[in-house]
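Participant: Starting from these lines, generate the structure:
(one chain, ligands or ions: 1)
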Amino acid sequence: MSRGGIRCGRPRLPVESCHSLSAWGYFQFAQMWADRDTEDSFEWEFGEQGAVIRFTRDGCKHTQEIALTLACCRFGGWRAWFICPSCGRRVGKVYLPCSMYYGDQRATKFRCRLCYGLTYEQRRDRNRYWTYQHRIERIEARWLGEISDDWINKHKWQHWRTFNKWCDKRDALIRKENQAVVRALLHFATLIPKTGNN
Ligand SMILES: [Zn+2]
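Facilitator: Numbering: from 1, shown residues only. Below you'll find the predicted structure:
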């Protein structure tokens, strides 16, 4: 990536790009996978000690057992939790990423959110928003004169060409920033009807 200096590593995947199974038996397909032909097929079965997931991915069959544990709820009763097969944490959901590769093979193990370093789309957009905000402020401080609602001042020492270039960059960043905000809001809106059913 050349934007914003040198960066190492890779972007974190959002939970929405994973299939997930919750400890209370709710299986959710990855959002990006929903309207797409896929050979992946899943079956799961809950016993007293744990859940067994049988699935097919890229033509190979896999079986994975995930241990369950019961814990008291704060307001009485019990609640089931998974024990993450990888780190041993008590978690509500385990995930299988759709676009995480090990060499040329896709991930074939359900693990917790932390083990896969998953993030929420909404949070990613918010981070993006702050990144844009930061870059816009830097351009304004360094290259542009005073800014009011309808006017951007050019420094006397600055060439028009340079001034216009930085104004354009600022505009482009503001547009992207707005898109990130809209995406975050839309994502939030899609979550609202779902919260009642879980
Ligand atoms: Zn884990």
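
Participant: What ranges does the protein have for its helices?
Facilitator: For the chain, helices defined by DSSP state H occupy the ranges 31-34, 121-143, 160-195.

Participant: what's the angle between the longest one and helix 121-143?
Facilitator: Between the axis of helix 160-195 and that of helix 121-143 there is an angle of 160 degrees, by axes from the mean of the first three to the mean of the last three CA atoms, to 10 degrees.

Participant: ok, and for helix 160-195, which residues are buried?
Facilitator: Residues of helix 160-195 classed as buried under the neighbour-count rule (16 or more other CB atoms under 10 Å) are 163, 166-167, 170, 173, 176-177, 180, 183-184, 187. For glycine as for every other residue, the C-beta is placed from the backbone atoms N, C-alpha and C.

Participant: now stretch 41-60
Facilitator: For stretch 41-60, burial by neighbour count (16+ other CB under 10 Å) applies to 50-51, 53, 55, 57.

Participant: out of all of them, which strand in this protein is the longest?
Facilitator: Ordering each strand of the chain by length in residues (DSSP state E) puts strand 60-72 first.

Participant: is it anywhere near the ion?
Facilitator: No. Contact between strand 60-72 and the ion is absent, the nearest approach being 10.8 Å (criterion: CB under 5 Å from the ion).

Participant: Run through the buried residues of helix 160-195 and flag the ones next to the ion.
Facilitator: Intersecting the buried residues of helix 160-195 with the contacts of the ion gives an empty set (criterion: CB under 5 Å from the ion).

Participant: Out of those, which comes closest to residue 45?
Facilitator: Minimum distance to residue 45 across those is 32.2 Å, recorded for residue 187 (CB to CB).

Participant: and the spatially most central residue of the chain, how far is that from residue 129?
Facilitator: Among the residues of the chain, residue 14 comes closest to the average C-alpha position under CA atoms, centre = their mean, at 2.1 Å. As judged by CB to CB, to the nearest Å, residue 14 and residue 129 stand 15 Å apart.

Participant: rewinding a little: paired strands for the longest strand of the chain, with orientation please.
Facilitator: Counting by DSSP bridges, the strands paired with strand 60-72 are strand 50-57 (antiparallel), strand 78-83 (antiparallel).
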